[in-house]
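S.K.: Sequence and predicted structure are below.
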Amino acid sequence: MGLRVTGYVAALLAMMMIAGGCKPSESSGGPKGPKMAGGGEVRASVETVEVERGLFAVQGDYAGEFQSDGMAELSSDIAGRVITIEANIGDKVEQGQVLAEVDATPTQQRVRELNASVMMSRASLEESRVQLGNLRSDLGRKEPLLARQMITEREIEELRSQISASEQRVAVAEATIAQNQARLASAREDLRNTKIRAPFDGLVGERYVDRGTYVSPGQTIFRVIDDSDIYVSVRIPERDAPRVQRETPVTLRVGALGSAPLQGKIHRIAPALDPATRSLRVDVVLDDESVRIRPGMYARVSMQLGSVEDAITVSSQAILRERDGTPYVWKVVDGTAHRQEIVLGLVGEQRTQVVEGLDESVSVVLRGHEKLQDGSKVRDINTNAGDDAGAKG
């Protein structure tokens with residue numbers, strides 16, 4: 001009975017399927033691409049910016065600190081107590097002028113002792129030379145006696161041995177003299193170094209000790225600055241380095257002087273970039289030497305790196321690069337994005353000159369390029385936002 005009912009149900013289902021028919025899906029012809037609700041094609045949302053044409057000037061702004069090539073930290077070469085101070089901060093000094101003196105009493109004593117040692121060594125050398133001369137004379141007298149068998153061979157050999165030992169004593173005495181003379185010269189140099197002298201004309205920038213201070217070898221006592229050669233050193237990024245030349249216009253602003261613009265000029269340019277920072281050192285000096293600048297002051301340095309009267313420029317953020325460094329942009333023409341390789345000119349912080357590949361009649365993609373392909377349809381969110389705002393108005 002159960003089997004008969006099951007057969008009836010299966011037959012009934014088969015008849016219903018035949019009566020209803022099986023219609024193929026309307027999409028069985030394959031995908032036609034994404035469609036919007038109104039039947040339009042889906043477009044990638046991007047933000048674009050206009051390509052501009054006109055005067056384009058690039059200015060580099062850098063921070064630097066005034067320095068002086070003539071800046072020396074003067075230290076003591078010997079240990080001792082400072083007994084005199086002859087200069088103070090801000091004093092103008094001349095080359096060779098004594099600025100301070102360390103107690104020379106111990107050094108003078110050492111010079112006297114070494115001088116006596118040299119004199120004793122010379123006396124010992126003279127004595128050794130006299131002994132050597134006597135032995136050689138004695139040998140000269142006795143060698144003829146050996147031929148007449150009036151003296152033995154052994155006596156001659158002993159005499160020659162004494163001569164050899166005496167020659168060694170002379171050599172030792174000569175070496176001792178040279179050693180003591182070297183020590184004496186070093187002590188005399190230390191004696192001269194008890195006086196701290198200015199290495200060049202300049203100003204005392206700092207005094208680190210007072211009279212009575214005990215100093216060790218190498219301890220700094222003064223800083224002397226040559227204020228006749230002051231410059232500001234700046235580091236130019238690698239991207240700007242090729243456009244910096246000796247004739248590049250320079251303007252400086254010193255905060256300590258009110259930040260008024262001061263004209264300057266490039267004094268020195270390093271021949272190569274620093275491999276650690278990928279930057280180029282450039283030294284700048286002021287045109288007006290009467291401006292009172294002190295080493296250590298900070299300045300803002302502006303350099304005119306170039307200008308073009310009629311330049312095509314785009315936002316620097318819109319420029320992309322291939323793995324090999326080739327620059328390109330996504331330009332938008334009639335709602336379609338196209339990949340466009342370009343040749344760059346002047347590079348600024350915000351905008352970059354395009355020498356080849358673009359004109360001012362197109363816009364380029366600023367954001368939203370991640371999934372673009374050549375020929376992709378795009379929707380500019382800036383334009384649509386404006387349309388929406390107009391419709392609401």
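M.R.: Received it, and whenever you're ready, just let me know what you need. Numbering: from 1, shown residues only.

S.K.: pLDDT on the helix or strand where residue 138 lies, on average?
M.R.: Assigned by DSSP states H and E, residue 138 belongs to helix 105-147. Taken as a whole, helix 105-147 carries a mean pLDDT of 89.

S.K.: How far does it sit from its chain's centre?
M.R.: 60 Å (Cα atoms, centre = their mean, to the nearest Å).

S.K.: now stretch 215-229
M.R.: Averaging C-alpha positions (Cα atoms, centre = their mean) puts stretch 215-229 25 Å from its chain's average.

S.K.: next one: stretch 321-329
M.R.: 28 Å.

S.K.: Which of the residues in that stretch are classified as buried?
M.R.: 327, 329 (16 or more other Cβ atoms under 10 Å). Where C-beta positions appear, they are placed from N, C-alpha and C, glycine not excepted.

S.K.: for this protein, which residue is closest to the average position?
M.R.: The residue lying closest to the centre of the chain (Cα atoms, centre = their mean) is residue 274, at 4.6 Å.

S.K.: residue contacts, it?
M.R.: By Cβ atoms under 8 Å, 6 or more residues apart in numbering, residue 274 lies in contact with 235, 280, 281.

S.K.: Quick check: phi and psi on residue 361?
M.R.: Recorded main-chain torsions at residue 361 are phi -90, psi 0, according to degrees, to the nearest 10.

S.K.: wait, what's in contact with it?
M.R.: Contacts of residue 361 (Cβ under 8 Å, 6+ apart): residue 51.

S.K.: How is this protein divided into domains?
M.R.: Structural domains annotated on the chain: 44-53+310-386, 60-70+229-308, 72-103+194-228, 104-193, as defined by automatic domain parsing.

S.K.: And the strands in the stretch 151-300 of the chain, which stretches?
M.R.: With strands called from DSSP state E, counting those that start in this stretch, the stretch 151-300 of the chain shows them at 195-197, 202-207, 214-215, 220-225, 230-237, 250-254, 261-269, 279-286, 298-315.

S.K.: May I see the buried residues of the fifth one?
M.R.: Neighbour-count burial for strand 230-237, with 16+ other Cβ under 10 Å as criterion, is recorded at 230, 231, 232, 233, 234, 235, 236.

S.K.: Between these, which sits nearest residue 76?
M.R.: residue 230 (27.6 Å; Cβ to Cβ).

S.K.: got a list of what the closest one touches?
M.R.: 66, 67, 68, 285, 293, 294, 295.

S.K.: Can you give me the distance of it to residue 298?
M.R.: 13 Å (Cβ to Cβ, to the nearest Å).

S.K.: shared neighbours of these two, anything?
M.R.: Joint contacts of residue 230 and residue 298 (Cβ under 8 Å, 6+ apart) are residue 66.

S.K.: which of the contacts of residue 230 are buried?
M.R.: For those, buried by 16+ other Cβ under 10 Å: 66, 67, 68, 285, 293, 295.

S.K.: Kindly present these as CSV, with separate columns for pLDDT.
M.R.: Below are these laid out as CSV (pLDDT from 0 to 100):
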residue, pLDDT
66, 91
67, 88
68, 85
285, 92
293, 84
295, 84
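
S.K.: Turn the residues you listed into JSON lines, columns for distance to residue 111.
M.R.: Below are these laid out as JSON lines (distance: Cβ to Cβ, whole Å):
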{"residue": "66", "distance to residue 111": "44"}
{"residue": "67", "distance to residue 111": "40"}
{"residue": "68", "distance to residue 111": "37"}
{"residue": "285", "distance to residue 111": "47"}
{"residue": "293", "distance to residue 111": "45"}
{"residue": "295", "distance to residue 111": "39"}
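
S.K.: Tell me which two of these sit farthest apart.
M.R.: 285 and 295 (12.9 Å).

S.K.: give the contact list for residue 331.
M.R.: So residue 331 contacts 337, 338, 340, 358, 362, 363, 364, 365 (Cβ under 8 Å, 6+ apart).

S.K.: What strand or helix carries the last one?
M.R.: What that stands for is residue 365. Residue 365 belongs to strand 363-367 when assigned by DSSP H and E.

S.K.: now the second one
M.R.: Element membership of residue 338 [criterion: DSSP H and E] is strand 336-341.
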